[in-house]
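Chemist: Sequence and predicted structure are below.
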Amino acid sequence: MGDRRRALGSVGEDTAAAWYEAAGYELLDRNWRCRGGEIDLVVARPGVVVFCEVKTRRGDAFGLPAEAVTRDKQLRIRRLAIRWLTERGARAPTIRFDVASVRKEPGRAPDIEVLEGVF
């Protein structure tokens, strides 16, 4: 079951990364990890750095993918973003937190909705 989940997560992250690149963003980091957790995607375009949490589901039986980003998860991602920025000495006039909600039903292409600046 772990391999299937990991594969589904990779499909979601690939889909989200492609969405951002098509929208003119540069992929800075993917699956950045430290002791405090992981950031799925870090992307940027002039003036903005975006930290994106990607949630992927096979369907809506357990709710929409974005609903899995709880308040605790949001706070953890904010702390991780500060650490990421600090480690790189990066600065941006705007920092944004997005959620990419990906649905990948069997036999169908992934469907993505990117919720910008949701927390």
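Modeler: Arrived safely, thanks for sending.

Chemist: Outside of the helix or strand of the chain with the lowest mean pLDDT itself, list whatever touches it.
Modeler: Each helix and strand of the chain was given a mean pLDDT (mean pLDDT, DSSP states H and E); the minimum falls on helix 2-22 at a mean of 93. Outside helix 2-22, the residues within contact range by CB atoms under 8 Å, 6 or more residues apart in numbering are 27, 30-31, 40-41, 43, 50, 52, 54-56, 58, 65, 100, 102, 104, 110, 112, 114. Every C-beta, even on glycine, is put in place using the N, C-alpha and C of the backbone.

Chemist: redo that, cut-off 6 Å
Modeler: Outside of helix 2-22, the residues that reach it under the criterion CB atoms under 6 Å, 6 or more residues apart in numbering are 27, 40-41, 43, 54, 56, 100, 102, 104, 110, 112.

Chemist: Of those residues, which is the most crowded?
Modeler: When neighbours are taken as other CB atoms under 10 Å, the top entry among the contacts of helix 2-22 is Val54 (28 neighbours).

Chemist: What average pLDDT does stretch 104-119 get?
Modeler: Per-residue pLDDT over stretch 104-119 has a mean of 95.

Chemist: Using CSV, write out the CA atom coordinates for it.
Modeler: The C-alpha trace of stretch 104-119 is given here as CSV (Å, rounded to 0.1, in the frame of the first residue of the first chain):
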residue,chain,number,x,y,z
LYS,A,104,-6.3,11.1,-10.2
GLU,A,105,-9.1,8.7,-10.9
PRO,A,106,-8.0,5.4,-12.4
GLY,A,107,-7.8,5.5,-16.2
ARG,A,108,-8.1,9.3,-16.3
ALA,A,109,-5.7,12.2,-16.6
PRO,A,110,-5.0,14.1,-13.3
ASP,A,111,-7.3,17.0,-12.6
ILE,A,112,-5.7,19.9,-10.7
GLU,A,113,-7.0,23.0,-8.9
VAL,A,114,-4.4,25.3,-7.4
LEU,A,115,-5.7,27.4,-4.5
GLU,A,116,-3.4,30.4,-4.3
GLY,A,117,-2.7,32.2,-1.1
VAL,A,118,-5.0,30.1,1.0
PHE,A,119,-3.1,30.3,4.3
